[in-house]
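**Student:** coords below, sequence missing:
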């Protein structure tokens, strides 16, 4: 047992007496020359017998064995002290990056311009064409501290030529021939095949190279086709682009768009090339039409053009009604003639007293409306805008495309009083779905009439084809008379309907031939149609002018009540009806009977309570 000397000394300090055990341990810690020394860490080498075989294994390498395992300085450098290429290979170099920067700091700043990985070598050049080697240990490539100097300098690139080829010979390779790329690295590289069908361009799906749907054939590319007939042939689908630039092209192929001589050209399926006009071309090209059209085409063009704005000589041959009362009520006059489809922006209409010279005492109208056939026009004016007991022609002035001034020969007579029909003498017949309920659902009194739904007559239900009440007046106007009839009407409902986008009921207020008997049907030939709906997520009452179409419908919006003004005029067999709700007016003309006329009302069943009130404002013949 070995005991340190300072501890032994402590046993024998002044005034201290070592114990027997301490005395024995002190002497036992020294070697006595008659004792054999056997060290535990004694190094031994291999012993060999006479035949050269190892007879006893040692526990350390001999000098020769050590030399076989390690390289000396002279083994990996040449006479000039430069490292040998085959010895750099032994360092496990995978990629050597040759930099243009002359310091590792500059290289780190520009590392984004190079492709390299962890453990790759960076060769930094000096002014004499040699390089210093640095090892990239990983981490941020822009951090110069992540590049470890190897201590190897004055290395030329020529010294490491062939190094990558030497390394490749040591990498495992696929067993068969083909095209491959290294997909992953680990203990051994992972090869993935690159084997698309011949002539199909490669695509990268994020992990592998695969064949795409683009085919290359003799300088042409085809998408979804292996037989492209053009430089780029898209077999199916569409092309989207910000813009397409067309070069000058004189060829003619069917179904082709080309550009030549400042024109965009289209070739149809028969191989006929046609010019595509732009908005900027239209005015110039339009002026060429007269020289292009045949006589028949010119005639048809004139007819079609006349259905928009006429440039022919207009003529008004009648005005309806011929009598107007001098009061503050908007009056509507129907003008009939030819070429009346004038442009409102270049046309004015004024009233002029008969006998006055043009320009003297003229009064502007409120407004006018034309129709495409050019045969009628509606003019409006307040009755008290004109002087009573005066007859007026109308002046129509057009400034474009041709200047025209037309004074009607027909006139309207403005009077203080009109010999009106006594509407208080009107009598009514009524019918109800349930006999005896007529007085509960219909109320009439001369020119006043109303309908109020009642479940005692018919339980509320969505039944727009079942008429539950009808009323008919006696004859208001005799046959073969021209008349003017004005009615105020209101429609309201109580309760709500489900959102069903359907019309809940129909109420027909209109004209009926007097010789047709009353029944629970709608026999009117000219009418205003009432209804209600919950279309568009809101409840609304609405009306149509005579027929159920979008063009003749007025829907005020979210409301359970509306008020309407209805004017009906008959001249000969032509009826003109004006339906006005608020600021919206719809006008319609039809041709029908000249027989004696009665007023009628017919209402179908609905899901909620409905009320229709009407009153005749005035009625007169002319």
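**Tutor:** Alright, I've got the coordinates. Keep in mind the model is a prediction, meaning the values are calculated, not measured.

**Student:** Tell me where the protein has helices.
**Tutor:** 5-11, 20-28, 63-69, 73-76, 85-90, 104-109, 163-169, 279-286, 289-292, 295-306, 438-441 (DSSP state H).

**Student:** So which residue is dead centre in this protein?
**Tutor:** With distances taken as CA atoms, centre = their mean, residue 240 lies nearest the centre of the chain, 15.3 Å away.

**Student:** residues in contact with residue 486?
**Tutor:** Counting by CB atoms under 8 Å, 6 or more residues apart in numbering, residue 486 touches 565, 566, 567, 568, 616, 617, 618, 619. Just so you know, the C-beta spots here come from the backbone N, C-alpha and C atoms, and that holds for glycine as well.

**Student:** Also residue 208?
**Tutor:** Contacts of residue 208 by CB under 8 Å, 6+ apart are 183, 192.

**Student:** what residue ranges in the stretch 401-550 of the chain score low on pLDDT?
**Tutor:** For the stretch 401-550 of the chain, the stretches flagged by pLDDT under 70 are 497-501, 535-537.

**Student:** wait, residue 396 sits on residue 349?
**Tutor:** Yes: look at residue 396 against residue 349 with CB atoms under 8 Å: they come within range, at 5.4 Å.

**Student:** And the closest residue in space to residue 346 that isn't next to it in sequence, its phi and psi?
**Tutor:** Closest residue in space to residue 346, ignoring its immediate chain neighbours: residue 400 at 4.3 Å, by CB to CB, 6 or more residues apart in numbering. Dihedral angles of residue 400 (phi, psi; degrees, to the nearest 10) stand at phi -160, psi 150.

**Student:** and residue 400, how many residues sit next to it?
**Tutor:** Neighbour count of residue 400, defined by other CB atoms under 10 Å: 13.

**Student:** Then the one 5 residues further on?
**Tutor:** Using other CB under 10 Å, residue 405 has 10 neighbouring residues.

**Student:** where's stretch 110-120 relative to the chain centroid, distance-wise?
**Tutor:** 46 Å (CA atoms, centre = their mean, to the nearest Å).

**Student:** Pick out the lowest-pLDDT one from the contacts of residue 486.
**Tutor:** By pLDDT, residue 618 ranks lowest within these, coming in at 89.

**Student:** which non-adjacent residue is nearest that residue?
**Tutor:** residue 486 (5.2 Å).

**Student:** separation between the one you found and residue 611?
**Tutor:** 21 Å (CB to CB, to the nearest Å).

**Student:** Let me know the average pLDDT across stretch 317-330.
**Tutor:** The model assigns stretch 317-330 a mean pLDDT of 89.

**Student:** end-to-end on that stretch?
**Tutor:** 23 Å (CA to CA, to the nearest Å).

**Student:** got the buried residues for that stretch?
**Tutor:** 318, 319, 320, 321, 322, 323, 324, 325, 326, 330 (16 or more other CB atoms under 10 Å).

**Student:** quick revisit: let me have the contacts of residue 486 in a markdown table, extended by neighbour count.
**Tutor:** Converted to a markdown table, the contacts of residue 486 look like this (neighbours: other CB atoms under 10 Å):
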| residue | neighbour count |
| --- | --- |
| 565 | 17 |
| 566 | 22 |
| 567 | 22 |
| 568 | 23 |
| 616 | 22 |
| 617 | 15 |
| 618 | 17 |
| 619 | 21 |
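
**Student:** Now do the contacts for residue 462.
**Tutor:** 502, 504, 605, 606, 607.

**Student:** Let me know the closest of the residues you listed to residue 110.
**Tutor:** residue 502 (74.5 Å; CB to CB).

**Student:** Excluding covalently adjacent residues, which one is nearest to the closest one?
**Tutor:** residue 533 (6.8 Å).

**Student:** The residue lying closest to residue 103 once chain neighbours are set aside and residue 107, how far apart?
**Tutor:** Spatial nearest neighbour of residue 103, excluding adjacent residues (CB to CB, 6+ apart): residue 124 at 6.7 Å. Going from residue 124 to residue 107 by CB to CB gives 6 Å.

**Student:** Quickly list what's touching both of the two.
**Tutor:** By CB under 8 Å, 6+ apart, the residues touching both residue 124 and residue 107 are 99, 101.

**Student:** about what we covered before: next step: the contacts of residue 486 restricted to strands.
**Tutor:** Of these, the ones assigned to strands by DSSP state E are 565, 566, 567, 568, 616, 617, 618, 619.
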